[in-house]
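> Next comes the sequence, and after it the predicted model I'd like to discuss.
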Amino acid sequence: MKILAYYRNFEIKESRKGKIFAYSDRDLSEYEEVKFTHSFETISEAKDAIDAYWRSK
């Protein structure tokens, strides 16, 4: 997967098929591994989901 962006302790990546996913980065994974179970259409959607994740904490 190709990394498109780093955002608030997450890596936003694009698969070979063009789907966008968000995973916790190395620093966050030391405490809690987070992976969103669905793909996103845009980087902005992924960032919105990450913001919602942090608001829920």
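Done, it's in.
> hang on, A49 packs against F36?
Yes. Using Cβ atoms under 8 Å, A49 makes contact with F36 at a distance of 5.9 Å. In short, each C-beta sits where N, CA and C put it, glycine included.
> what's the overlap in contacts for these two?
A22 (Cβ atoms under 8 Å, 6 or more residues apart in numbering).
> Can you give me the pLDDT of the residue lying farthest from the centre of the chain?
For the chain, the residue at maximal distance from the C-alpha centroid (Cα atoms, centre = their mean) is K17, at 16.7 Å. Per-residue pLDDT puts K17 at 95.
> Kindly report the same for R8.
Per-residue pLDDT puts R8 at 96.
> Identify the residue nearest it in space, chain neighbours excluded?
Closest residue in space to R8, ignoring its immediate chain neighbours: I50 at 5.4 Å, by Cβ to Cβ, 6 or more residues apart in numbering.
> same question, D27
Per Cβ to Cβ, 6+ apart, closest to D27 is N9, 6.0 Å.
> before we move on, back to that, is it correct that the residue farthest from the centre of the chain falls within a strand?
No. Counting by DSSP: H, G, I helix; E, B strand; the rest coil, K17 is not part of a strand but coil.
> quick one: it and H38, what's the gap?
To H38, K17 is 14 Å away according to Cβ to Cβ, to the nearest Å.
> and E41, how many residues sit next to it?
9 (other Cβ atoms under 10 Å).
> Show the contacting residues for the most centrally placed residue in the chain.
Nearest to the geometric centre of the chain sits A22, at 1.9 Å (Cα atoms, centre = their mean). Residues in contact with A22 (Cβ under 8 Å, 6+ apart) are Y7, F10, E11, I12, K13, K35, F36, F40, A46, A49, I50.
> ok, whichever strand or helix holds the fifth one: who's next to it in the sheet?
Here K13 is covered by strand 10-14, with elements defined by DSSP states H and E. Pairing partners of strand 10-14, with direction, according to DSSP bridges: strand 2-7 (antiparallel), strand 20-24 (antiparallel).
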